[in-house]
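Student: below is the sequence, then the predicted model.
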Amino acid sequence: MSFKNKILKNLSDFNIDCSSKILVAVSGGIDSLCLAHFLHGQNYNISICHINHKYHDSADEMEKLVENFCSQYSIPFFTSSINSKQIDSNIESIFRKKRYDILYSIADEQDFEYIFTGHHYDDQIETLIFRFFNSSGLNNLFGLKKQFRKVLRPMLNIYKKEIINYARNNNISYIDDPTNLNLKFSRNFIRNVIIKNFNKISPNLYIPFENFEKRIRESNEVIKYTTDYFLQKNNLSKNREILKFCKKSFFNLPILIQLNIVNRIINSKEDTFLTKNDFSELKSFFKKRITGSEYKIMDYKILIDFENIFIIDPAFKMKEQYYIVKKGEKVENNSFSFHWKITEIKNINFSKDIELIDGKFIDETLIIRSPRKSDQFLPLGSKNYKSIEQFQKDNKISFDIKNNSLVICNKDRIVCLAGQRIDDSFKITDSSKRAVMLSYMMK
């Protein structure tokens, strides 16, 4: 298939027509200028954005070249720059992020439907090799995506030699970015050293890399399908900030699927990935399967509970609750209902949702509130005071229940950890004259 037909088919696959409003990122190099020239020649509705990195001596010359190209073909031109003096490490990654930030900003402000970049299949090979050395898993061994949010790459199946032929046949002037020869940048080393040596082994690198990429994509389709199926079937959460699923089902999965599930949840926008170190530590954490253990990753907290796995969003905060409840009154909301009354011992009616305490020291009001770090009580049957946290740990109380725990107090004294245990000091004895019925139900 020819250069022209490949791109036209890609645009058709993207459902792009000539009326679509497109912003083309053009550096002044051969790839992006050829893309812009082709799109203009096919009457697509394009504008061009050039981002000047101010990083090398040819930077301003490249900007001028792109500006003149736009003037020659009457193409709307946008330009911006990056202050490279403030960047002294991880330059490639920071430049890439800043470029896309600028492109997205212009696209949003000017209502562009799409952003086009000039990436081609040789870039794809470089990306695959780069990610091979830095990858944390199969899902990161993907090359560049054809489409990511507003960004489309219509030349991703075009070879560099095809672009060079197009530039030669159409007399397109361009400037080679001098930093492309700087081997301190990882991609330049891959391009100028590794790939050149690979070519000595296999003159046509495209075939093995296309096959490799296809196998990786097929493997990832299986992983994606299994991940989707698990999350649809096992997601038990009602709260967006707390995702819960069945521990047994989760640990029955291969470790690779377990890691992908976490990666999917944490990186829901698919614009970042967990690092190799993240995956290594997470893999070790899951293999130990210690109930009650926690692992923090990218500000998320992963908790292995008794029956479930919880992934807790950084935005999650325990809701503080505090209610003063008079005798006979009822408090009810989305998480619980509570009321209490005083009764004679002989009139006691037992129920699973009712706790009984001695009413000798109870006033006309009780307080039901969220537990505090300083809270201690004497659990029924115990000789020693314990904090709420220690009591729940000793009694293997699930995260679900701990997350919704409330204490019932008489003034400053805890009389009951609602629905879990009363304080031994308030237990019914033979000398008790009256009882207080605490009716608490968690929803």
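Tutor: Great, that's in hand. Just so it is clear, the model here is predicted, and its values are computed rather than measured.
Student: domain assignment for the protein?
Tutor: As assigned by automatic domain parsing, the chain contains the domains 3-203, 235-312, 322-442.
Student: quick one: distance of the last one to the chain centre.
Tutor: Okay, so that is domain 322-442. 40 Å (Cα atoms, centre = their mean, to the nearest Å).
Student: rewinding a little: dump the domains of the chain into CSV; add distance to residue 223, mean pLDDT and mean neighbour count as well.
Tutor: From N, CA and C alone the C-beta is placed, and that goes for glycine too. What follows is the domains of the chain, written out as CSV (distance: least, Cβ to Cβ, whole Å; pLDDT from 0 to 100; neighbours: other Cβ atoms under 10 Å):
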stretch, distance to residue 223, mean pLDDT, mean neighbour count
domain 3-203, 7, 88, 17
domain 235-312, 5, 86, 15
domain 322-442, 28, 92, 15
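Student: wait, which of the ones you listed is closest to residue 226?
Tutor: domain 235-312 (5.2 Å; Cβ to Cβ).
Student: how about residue 154, what does it touch?
Tutor: 7, 10, 11, 14, 16, 35, 116 (Cβ atoms under 8 Å, 6 or more residues apart in numbering).
Student: farthest pair in the residues you listed?
Tutor: Maximum distance among the contacts of residue 154 (Cβ to Cβ): 13.6 Å, for 14 and 35.
Student: residue 439 and residue 375: what is the separation?
Tutor: As defined by Cβ to Cβ, to the nearest Å, residue 439 lies at a distance of 22 Å from residue 375.
Student: and the strands in the stretch 51-200 of the chain?
Tutor: In order along the chain, the stretch 51-200 of the chain carries the following strands (DSSP state E, counting those that start in this stretch): 77-81, 114-116, 147-148, 151-152.
Student: now do the contacts for the closest residue to residue 361 other than its chain neighbours.
Tutor: Spatially, and ignoring its direct neighbours in sequence, residue 361 is nearest to residue 410 (6.5 Å; Cβ to Cβ, 6 or more residues apart in numbering). With contacts defined as Cβ under 8 Å, 6+ apart, residue 410 is in contact with 361, 362, 363, 366, 367, 426.
Student: ok, the third one touching residue 409?
Tutor: No. Taking Cβ atoms under 8 Å as the contact criterion, residue 363 and residue 409 are not neighbours in contact, 10.5 Å apart.
Student: make sure residue 45 is actually in contact with residue 20.
Tutor: Yes. The pair residue 45 / residue 20 is scored as a contact, 6.3 Å apart, by Cβ under 8 Å.
Student: center of this structure - which residue?
Tutor: With distances taken as Cα atoms, centre = their mean, residue 267 lies nearest the centre of the chain, 1.8 Å away.
Student: isn't it right up against residue 278?
Tutor: No. Using Cβ under 8 Å, residue 267 makes no contact with residue 278, being 10.5 Å away.
Student: how about the closest residue to residue 375 other than its chain neighbours, phi and psi?
Tutor: Nearest residue to residue 375, sequence neighbours excluded (Cβ to Cβ, 6+ apart): residue 388, at 4.9 Å. Main-chain torsions, residue 388, degrees, to the nearest 10: phi -60, psi -40.
Student: residues contacting residue 388?
Tutor: Here residue 388 is in contact with 371, 375, 376, 377, 405, 407, 417 (criterion: Cβ under 8 Å, 6+ apart).
Student: just give the closest residue to the fourth one, not the sequence neighbours.
Tutor: Once its chain neighbours are removed from consideration, residue 377 has its nearest residue in residue 414; the separation is 4.2 Å (Cβ to Cβ, 6+ apart).
Student: CA atoms only: put the strand or helix carrying that neighbour into PDB for me.
Tutor: Residue 414 is part of strand 413-417, with elements assigned from DSSP states H and E. Extracted as PDB, the C-alpha positions of strand 413-417 are listed here (Å, rounded to 0.1, in the frame of the first residue of the first chain):
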ATOM      1  CA  ARG A 413     -17.600   7.500  79.100                       C
ATOM      2  CA  ILE A 414     -18.000   4.900  76.300                       C
ATOM      3  CA  VAL A 415     -20.700   2.500  77.200                       C
ATOM      4  CA  CYS A 416     -20.700   0.600  74.000                       C
ATOM      5  CA  LEU A 417     -18.800   0.100  70.700                       C
END
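Student: in CSV, list the contacts of residue 154 along with distance to residue 337.
Tutor: Output for those, formatted as CSV (distance: Cβ to Cβ, whole Å):
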residue, distance to residue 337
7, 64
10, 60
11, 60
14, 54
16, 57
35, 64
116, 58
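Student: out of these, which is nearest to residue 394?
Tutor: residue 14 (59.3 Å).
Student: isn't that closest one right up against residue 152?
Tutor: Yes. Look at residue 14 against residue 152 with Cβ under 8 Å: they come within range, at 5.6 Å.
Student: list the residues that contact both of the two?
Tutor: Listed as contacting both residue 14 and residue 152 by Cβ under 8 Å, 6+ apart are 114, 146.
Student: ok, then the element right after the one helix or strand residue 338 maps to?
Tutor: Taking DSSP H and E as the criterion, residue 338 maps to strand 336-344. Note on strand 336-344: by DSSP H and E, the next helix or strand toward the C-terminus is strand 354-358.
Student: for stretch 176-195, give me every contacting residue.
Tutor: Residues from elsewhere that reach stretch 176-195 (Cβ under 8 Å, 6+ apart): 27-30, 55-58, 62, 91-92, 122, 125-126, 129-130, 205.
Student: try stretch 376-384
Tutor: 385-388, 391, 407, 414, 417, 421-425, 427.
Student: identify the farthest-apart pair in the residues you listed.
Tutor: 387 and 427 (20.0 Å).
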